[in-house]
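Colleague: model this:
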Amino acid sequence: MMRMSGVIQISRPSNQKLDLTLTDLDVYMDKLHLFGDLAIHEVLAPKAELDVHLELNRFHLEDLKSINFFIPVDPSKILEEYNPQGNFELLQAEMQVPLDALEDGDKFTKQSVIQAHLVGNKVSVSAAGRIYPFDHMDSHVIWREGNLNHHLDLDMGGGRIEHSGDLRFLENNPDPVLNTTTQVTQLEFNQLGIPEVSQWANGLVTGSFELRGPATLEGLTLQASLSGDELLLTPADLQIPVGRWQANAEMKNRKLHNTLKATAFGGEVLYEGDLTFPAKENESMILDSTVSVNRVDVVRLPIPKSAGIDKGVLTGKLKAKGPVNNPDKLKYQTSLVADNVLIKIQALDNMLLPVSRLDADATMNGRNIKSKIKAAVLNGELTQNGKIILPKPDSKKSVTRLDSDFKFNKLDLSQVKWPPEWGLVKTVLSGNMKARGPVEIDRIRLNGTLQGEKMVLSLNKHNFSIQDAVFRVNSRPPKFPVSIGFKLTKVNAKGYPFKRITGEVTLPKNRIVLSQSAFVPRNGTMGIKGVYNTAKDKYDFSFGGKGLSIEDYEKKHLKGIVKFTGNLKGHVPKKGPATRGMNGDLKLLVTEGSLKELGAVKAILTILNPTALQKLSDKGLLFDRMGGTFEIKKRRRAHSADGTGRPVPEGVPGRHRRSQYGEVRHERQGPADGGSGQSLTGGAPSGSVRGGKQNRRRAGGNLLQAGRPLQRPPRGHGGRQVDSRQAQAHLRSAGGPSHRWRIHREIKKPPVGEARFFPTPPKRSDGLDHEFAVQLLFDELFDVLEGAGHR
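Modeller: Okay, the predicted model is just below:
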């Protein structure tokens, strides 16, 4: 419902003219209250013209649809896409238009003259998916026959925008011609409305934009200059602080040239480039740009923490050229220099790797990257030269491929702290390595040689030193897995010297295979080969040695030449010692040997035969041959000595009283076996082998050992299957008789020094109890062997 009041005046300036004037106009329409003046000049003439002066106070833009009787369109429809909200304080409008143009849109646009002044507070409009709030708005608009002259002042959050210019619409040309200037002063950056920076957090900007020419990429020119301080960028949940910055842009003939200079990341960043817009819709934008960084802090760069960069200063350039929407044709070129870099390698217990200087040059053409890197690291030099082929983005089977050469020159590995389980203390590494194929451990081809000098290892608190170590790496998957051949010279392992150690390790899937190994000490040689299954924690190794001198490893107690073979099988238990899942055997033979220290035997022999002791002290207890088998078994089950399965009581005649520790079986040999006939404990020389039977009958009865009687054991072992070690020894004293001893030592509880031996009756008739002395002597021998194995 509309209510209108006013004063109507009719005047006739001439016979052909009639003017109608409405003054003190007061119009009430729904929510609007308008007042002003309205005049129609030359009412009766064909060129009758409407002249309106209106003023509107305190209204919403949506209320303007009520006044569409003045113009051929609804004013609110013009601004509908911007969704204006807020309170407008004042609208002053003046319009001169021919009466016949009110119902013709084209005539209205070309012939009308409109002036408007709009004032609003707390107003907002929407554009490009964002809402722009204004604290205050003051706009002046003049529309005159297809030319829009405008001036706009906006206050936004303490900043200010001043916009002025012309917008001209030409006949037969749908594109308007722009001539505008925009000034911004201390404006929040994210209020500029640039879609690419819609997530930028804050920062003040000051500058200007100038647009000239037709509103097309071919004809439009742009001049822009912006600057600001303390800008905080927040793309992709990152926070990038920028200090002082200056940006300039110029656009002409579809090419946008822009520069940016900023203090960021603790250094300086400079960007300069061109972006050429396509002339056709099916073409892509062409990028040609360069980013330069000068002494920026690498830690402040938006690099994932998983990269492990803890320190560094970076200087360099990155150039990009090519179509923006076609990565395969986009080319990159970079040249970087990094100083004082510290890299944290998470896969190696966060080991810190210092790099004093790194020079890198790379070019990327599509998915192909050619790179050349030179790094001063660990007091040496590391170089890389080659290329990387990135996977196809639309292929799940495509993988990154590598074709590079690496060279290492005098890298001092003691400059870093390696994981303790590696045991690496120091070495100087040199060599070269070629890598070809997919970047996967079971598919890449490796070929090269690494050499370590003055290597020191510390494993389980034991030190190892190696003068020179050479490793040859080779792999040709899938037929040939990775193999590592090694040669170590002048090795000192826990005080034991080796001239060299050689071998080869291959790494098929879920296995580690050791073959062709040789350990060469001062005397003799040793070797080991076998397989370790990493998936099942199972192993199977065999080993052997010959021509070894015991004195190279145990100078204090033993002397002799050693030959041995053996094997170990089993698995690594999840809990407990590794020996719990182990079984195997060791066959040992010692020839031309002697026991150099008698230990507990010395006191016994002093009582039994001081003369023989003097000879033993000078030359030791000599033996021609000592050997046997040491067995390790995972299972144990006990049988009685007579095979019945029942326990055997102690002291029963004809039965062997078994001990939890073991037994010694002794067979004496006479001079025919090389003995001189002199007893260890004195007495008459023994007879021949044939006399042994008679002597055994004469001996009979029980033996005394440590004050306790021992029964004669049966001939067999009794079928008992236990964790055991067996040994045989052919002993003779210095100038005395020879004796052959067979020792079977059972170990249920393996601590060193707890085992005892129970010998059979003597094969001599002198009535002297020297078996106890020999038993203790063998205790000493086994303790020596166990002690050497525990070291």
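Colleague: quick one: low-confidence parts of the stretch 301-450 of the chain?
Modeller: Under the criterion pLDDT under 70, no range of the stretch 301-450 of the chain is flagged.
Colleague: Checking my notes, K574 in a helix, right?
Modeller: No. Per DSSP: H, G, I helix; E, B strand; the rest coil, K574 lies outside any helix segment and is coil.
Colleague: measure it to L402 for me?
Modeller: K574 is 37 Å from L402, where distance means CB to CB, to the nearest Å. For every residue, glycine as well, the C-beta is placed using N, CA and C.
Colleague: Tell me who's in contact with L336.
Modeller: 314-317, 358-361 (CB atoms under 8 Å, 6 or more residues apart in numbering).
Colleague: Mind listing what's buried along the helix or strand harbouring it?
Modeller: Here L336, judged by DSSP states H and E, is contained in strand 331-345. Residues of strand 331-345 classed as buried: 333-336, 338-339, 341, 343-344 (neighbour count, 16 or more other CB atoms under 10 Å).
Colleague: same question, stretch 313-330
Modeller: 313-316, 318-323, 330.
Colleague: So which residues make contact with that stretch?
Modeller: Taking CB under 8 Å, 6+ apart as the rule, stretch 313-330 contacts 267, 273, 275, 284-298, 301, 331-340, 360, 366-367, 393.
Colleague: Output the buried residues of strand 331-345 in JSON lines, with distance to T525 appended to each entry.
Modeller: Converted to JSON lines, the buried residues of strand 331-345 look like this (distance: CB to CB, whole Å):
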{"residue": "Q333", "distance to T525": "57"}
{"residue": "T334", "distance to T525": "54"}
{"residue": "S335", "distance to T525": "54"}
{"residue": "L336", "distance to T525": "52"}
{"residue": "A338", "distance to T525": "49"}
{"residue": "D339", "distance to T525": "51"}
{"residue": "V341", "distance to T525": "47"}
{"residue": "I343", "distance to T525": "43"}
{"residue": "K344", "distance to T525": "44"}
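Colleague: Okay, and the beta partners of the closest residue to Y332 other than its chain neighbours?
Modeller: Spatial nearest neighbour of Y332, chain neighbours left out: M364 (3.9 Å); criterion: CB to CB, 6 or more residues apart in numbering. M364 forms beta bridges with Y332, I369, as assigned by DSSP bridges.
Colleague: Just list the residues touching M364, thanks.
Modeller: Contacts of M364 by CB under 8 Å, 6+ apart are 331-333, 370.
Colleague: now, which of those residues sits nearest P241?
Modeller: Y332 (26.4 Å; CB to CB).
Colleague: still on that earlier bit, narrow the buried residues of stretch 313-330 to those in strands?
Modeller: Per DSSP state E, strands hold the following members of the buried residues of stretch 313-330: 313-316, 318-323.
Colleague: Nearest to V97 among the residues you listed?
Modeller: For those, the nearest to V97 is P323 (50.5 Å; CB to CB).
Colleague: what secondary structure does E281 sit in?
Modeller: E281 - assigned by three-state DSSP - is coil.
Colleague: farthest-separated two in the contacts of L336?
Modeller: K317 and L358 (15.1 Å).
Colleague: Can you tell me the closest non-neighbouring residue to A101?
Modeller: Per CB to CB, 6+ apart, closest to A101 is K107, 3.7 Å.
Colleague: That neighbour: what secondary structure?
Modeller: K107 ends up helix, using three-state DSSP.
Colleague: R580 too?
Modeller: Per three-state DSSP, R580 ends up helix.
Colleague: ok, it to A535 distance?
Modeller: 20 Å.
Colleague: In terms of neighbours, single out the busier of these two.
Modeller: R580 (12 against 8; other CB atoms under 10 Å).
Colleague: Help me confirm that that one comes into contact with H571.
Modeller: No. Counting by CB atoms under 8 Å, R580 does not reach H571; the two are 9.2 Å apart.
Colleague: what about E171, how many residues close to it?
Modeller: 6.
Colleague: List the beta-bridge partners for the residue nearest to G207 when sequence neighbours are not counted.
Modeller: For G207, ignoring the flanking residues on the chain, the nearest one in space by CB to CB, 6+ apart is L226 at 3.4 Å. Beta-bridge partners for L226, by DSSP bridges, are G207, A247.
Colleague: what's the domain layout of this protein?
Modeller: Domains of the chain are assigned by automatic domain parsing as 1-145, 148-264, 597-790.
Colleague: which parts of stretch 287-297 are buried?
Modeller: 287-288, 291-293, 296.
Colleague: would you list these in CSV and tack on secondary structure?
Modeller: As requested, these are exported to CSV (three-state DSSP):
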residue, secondary structure
L287, strand
D288, strand
V291, strand
S292, strand
V293, strand
V296, strand
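Colleague: With adjacent residues omitted, what lies nearest to E268?
Modeller: N294 (4.4 Å).
Colleague: Can you name the residues that contact the one you found?
Modeller: 267-270, 315.
Colleague: Could you do T489 as well?
Modeller: Contacts here follow CB under 8 Å, 6+ apart; on that basis T489 touches 466-469, 499-500.
Colleague: Run the angle between the strand or helix carrying K374 and strand 331-345 for me.
Modeller: Here K374, judged by DSSP H and E, is contained in strand 368-377. Relative orientation of strand 368-377 versus strand 331-345 (axes from the mean of the first three to the mean of the last three CA atoms, to 10 degrees): 40 degrees.
Colleague: Quick check: buried residues in strand 368-377?
Modeller: 369-371, 373-375, 377.
Colleague: what do you get for stretch 300-310?
Modeller: 301, 308-310.
Colleague: Just list whatever residues bridge to the residue nearest to T427 when sequence neighbours are not counted.
Modeller: Spatial nearest neighbour of T427, excluding adjacent residues (CB to CB, 6+ apart): M455 at 3.8 Å. M455 has these beta-bridge partners by DSSP bridges: I466.
Colleague: Next, count neighbours for M455.
Modeller: M455: 21 neighbours (other CB under 10 Å).
Colleague: hey, which helix or strand in this structure has the poorest pLDDT?
Modeller: The weakest-scoring helix or strand in the chain, judged by mean pLDDT, DSSP states H and E, is strand 703-705 (a mean of 29).
Colleague: Would you check how far apart N173 and V184 are?
Modeller: Applying CB to CB, the value for N173 to V184 is 30 Å.
Colleague: Compare those two (neighbour count), which wins?
Modeller: Between N173 and V184, counting by other CB under 10 Å, V184 is the more crowded of the two (24 against 10).
Colleague: Do I have it right that the more buried one meets S225?
Modeller: No. Assessed by CB under 8 Å, V184 is found out of contact with S225, at 10.6 Å.
Colleague: Assumed the residue nearest to E268 was part of a helix.
Modeller: No. Counting by three-state DSSP, one finds N294 to be strand, located in no helix.
Colleague: Contacts made by the helix or strand where G228 lies with the rest, please.
Modeller: Element membership for G228, per DSSP H and E: strand 221-233. Residues outside strand 221-233 that contact it (CB under 8 Å, 6+ apart): 184, 189, 197, 200-213, 239-252, 256.
Colleague: Give me the buried entries from the residues you listed.
Modeller: For the contacts of strand 221-233, buried by 16+ other CB under 10 Å: 184, 189, 197, 200-201, 203-207, 209-213, 240, 242, 245, 247-251, 256.
Colleague: which residues touch T263?
Modeller: Going by CB under 8 Å, 6+ apart, the list of residues near T263 reads 242-245, 269.
Colleague: Of the residues you listed, which pair is most distant in space?
Modeller: The distance between the two most remote of the contacts of T263 (CB to CB) is 11.3 Å, for R244 and V269.
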